[in-house]
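>>> Starting from these lines, generate the structure:
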Amino acid sequence: MPSMLQTPVRLGALELPNRFVMAPLTRCRADNPEFAPTPLMAHYYAQRAGAGLIVSEATIVSPQGRGYPWTPGIWSAAQVDGWRLVTDAVHAAGGRIVCQLWHCGRLSLPDFHGGALPVAPSAIDPQWKMFSPQGMKPTVTPRALAGAEIAAIVEDFGRAARNAVAAGFDGVEIHSSNGYLIHQFLAACSNTRDDEYGGSIENRARFLFEVLDAVGQALPFDRVGFRLNPMMNRFHGLMVDAGTLPAFEHVVRRANAYGLAYLHLTEPYLPDQLAGGVGVIEEVARHFRPLATMPLVSNGGIDPARAEALLAEHLCDAVAFGRLFISNPDLPQRVASAAALAKWNPDTFYQGGEAGYIDYPPLG
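Reported below is the predicted structural model:
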């Protein structure tokens, strides 16, 4: 049977030569006072330009959105210049790249905000541990955002999208999953507001669609994707309850009207994401495929064999690989050649420097 992974596909305005998507991967290499991408990062991304599409590592839309050390932003001129190095290198190598826009919300520490509290829809501690330069630290109870502050964050996403265009990206992906700020608004577990951003499903989804509208003023919607992880149970805080599926079904149905490039869905792949969860489903793509009219990208611990099966069943249009792209910069070529896949070294995921970053050798 011919490989579907190796066939072209169109995601909105994005014409991809194959269905391998490089998933967004935080690598903590923006180790400079500007939190700007570096030539080392440009080299790393260019090595992986054989992917049909690269989704950049999660990229902070404002200083308030920080939650990790050494992660890049896209709010300043220096950061735009740094990302231009990356996009130029990827395009020169024949690739395509979109920028994932990120605000961590309550998944942060006062360390990243001059001692001030992180912000969130509601003052609820996710009771998680976050990576800091001094090691792992427990989260704190965040400060609930005022209404005017929410409007300012929406504009931060709009500005970030304009900056992504200026930096040469082929599109953007809105990070609305994994327990970060947009997901915090969507989930009743983390949003107990009694204003227009809380309560009903429509109100809890309001922030996401305001962000989407703001981003759509910077570039066409057919160059915009967004990412959801509906079944994220006991990871970055409890985010699943009996109302989770109706909320995400509402989001997908409403998003259909935008003509988006794609919806990026994460399957549950950690044991705790399925253990004892109320309202948890085991196959996200299978559930949402009938509801979505936009292209789907599947992600979540998927190997090439399972990817082929998902594509053959038309449960998705492309598949995003994360750790496999870390250790196999030429992943599409390796899969096409039935070559052995190199194993990643988790000790070097976030340590900085070249080791475990640009030194995984290509095939041959």
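>>> what bridges to the spatially most central residue of the chain?
Central residue of the chain (CA atoms, centre = their mean): residue 175, 4.5 Å from the mean position. With beta bridges defined as DSSP bridges, residue 175 has these partners: residue 227.
>>> residues touching it, list them.
By CB atoms under 8 Å, 6 or more residues apart in numbering, the contact list for residue 175 reads 24, 58, 100-103, 182, 226-227. No exception for glycine: its C-beta is placed from N, CA and C like everyone else's.
>>> Surely residue 263 and residue 298 touch.
No - in this structure, residue 263 is not within contact of residue 298 by CB atoms under 8 Å, at 9.9 Å.
>>> Poorly predicted segments of the chain, please.
Applying pLDDT under 70 to the chain flags the ranges 1, 233-234, 270-279.
>>> Which helix runs longest in it?
helix 147-166 (DSSP state H).
>>> tell me which residues in it are buried?
Neighbour-count burial for helix 147-166, counted by 16 or more other CB atoms under 10 Å, picks out 150, 153-154, 156-165.
>>> of the residues you listed, closest to residue 359?
Nearest to residue 359 out of the buried residues of helix 147-166 is residue 164 (CB to CB; 28.5 Å).
>>> and that closest one, how far is that from residue 140?
31 Å (CB to CB, to the nearest Å).
>>> One more: residue 101?
Distance, residue 101 to residue 140, by CB to CB: 24 Å.
>>> ok, the two, which is more surrounded?
Between residue 101 and residue 140, counted using other CB atoms under 10 Å, the more crowded position is residue 101 (29 against 15).
>>> quick one: the host helix or strand of that one to chain centroid distance?
Using DSSP states H and E, residue 101 maps to strand 97-102. Strand 97-102 sits 7 Å away from the centroid of its parent chain (CA atoms, centre = their mean, to the nearest Å).
>>> could you give the angle of it to helix 147-166?
170 degrees (axes from the mean of the first three to the mean of the last three CA atoms, to 10 degrees).
>>> just the CA coordinates of strand 97-102, formatted as PDB?
Below are the C-alpha coordinates for strand 97-102, written out as PDB (Å, rounded to 0.1, in the frame of the first residue of the first chain):
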ATOM      1  CA  ILE A  97       6.500  27.300   8.900                       C
ATOM      2  CA  VAL A  98       3.700  28.800  11.100                       C
ATOM      3  CA  CYS A  99       4.100  30.500  14.400                       C
ATOM      4  CA  GLN A 100       2.300  29.100  17.400                       C
ATOM      5  CA  LEU A 101       1.000  32.000  19.600                       C
ATOM      6  CA  TRP A 102       1.000  31.400  23.300                       C
END
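>>> which residues are contacting that strand?
Strand 97-102 is contacted by residues 14, 24, 45, 53-61, 65, 74, 83, 86-87, 90-91, 157, 160-161, 164, 167, 169-175, 180, 215, 223, 225, 227 when judged by CB under 8 Å, 6+ apart.
>>> what sits against the spatially closest residue to residue 322 that is not a sequence neighbour?
Distances taken as CB to CB, 6 or more residues apart in numbering put residue 23 closest to residue 322, at 3.9 Å, once the chain neighbours are dropped. Residue 23 makes contact with 55, 299, 320-322, 325 under the criterion CB under 8 Å, 6+ apart.
>>> Residue 144 versus residue 23, what's the distance?
In terms of CB to CB, residue 23 sits 31 Å off from residue 144.
>>> Double-check that residue 255 belongs to a helix.
Yes - if the criterion is DSSP: H, G, I helix; E, B strand; the rest coil, then residue 255 is within a helix.
>>> how far away is the residue nearest to the centre of the chain from residue 315?
Using CB to CB, we find residue 175 at a distance of 23 Å from residue 315.
>>> Quick one: the helices in the stretch 101-250 of the chain, in order.
147-166, 181-186, 201-204, 206-215, 244-255 (DSSP state H, counting those that start in this stretch).
>>> With distance to residue 309 added, can I get the ones you listed in JSON lines?
Listed next are the helices of the stretch 101-250 of the chain as JSON lines, based on distance: least, CB to CB, whole Å:
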{"stretch": "helix 147-166", "distance to residue 309": "33"}
{"stretch": "helix 181-186", "distance to residue 309": "28"}
{"stretch": "helix 201-204", "distance to residue 309": "32"}
{"stretch": "helix 206-215", "distance to residue 309": "31"}
{"stretch": "helix 244-255", "distance to residue 309": "22"}
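>>> can I get the CA coordinates of the longest helix of the chain in PDB?
Below are the C-alpha coordinates for helix 147-166, written out as PDB (Å, rounded to 0.1, in the frame of the first residue of the first chain):
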ATOM      1  CA  GLY A 147     -12.400  42.700  31.900                       C
ATOM      2  CA  ALA A 148     -10.300  45.500  30.500                       C
ATOM      3  CA  GLU A 149      -7.200  43.300  30.900                       C
ATOM      4  CA  ILE A 150      -8.800  40.600  28.800                       C
ATOM      5  CA  ALA A 151      -9.400  43.000  25.900                       C
ATOM      6  CA  ALA A 152      -5.700  44.000  26.200                       C
ATOM      7  CA  ILE A 153      -4.600  40.300  25.900                       C
ATOM      8  CA  VAL A 154      -6.800  39.900  22.800                       C
ATOM      9  CA  GLU A 155      -4.900  42.800  21.300                       C
ATOM     10  CA  ASP A 156      -1.600  41.100  22.300                       C
ATOM     11  CA  PHE A 157      -2.600  38.100  20.200                       C
ATOM     12  CA  GLY A 158      -3.500  40.400  17.300                       C
ATOM     13  CA  ARG A 159      -0.200  42.200  17.500                       C
ATOM     14  CA  ALA A 160       1.700  38.900  17.700                       C
ATOM     15  CA  ALA A 161       0.000  37.800  14.500                       C
ATOM     16  CA  ARG A 162       1.000  41.000  12.800                       C
ATOM     17  CA  ASN A 163       4.500  40.400  14.000                       C
ATOM     18  CA  ALA A 164       4.400  36.900  12.700                       C
ATOM     19  CA  VAL A 165       3.500  38.100   9.300                       C
ATOM     20  CA  ALA A 166       6.400  40.700   9.400                       C
END
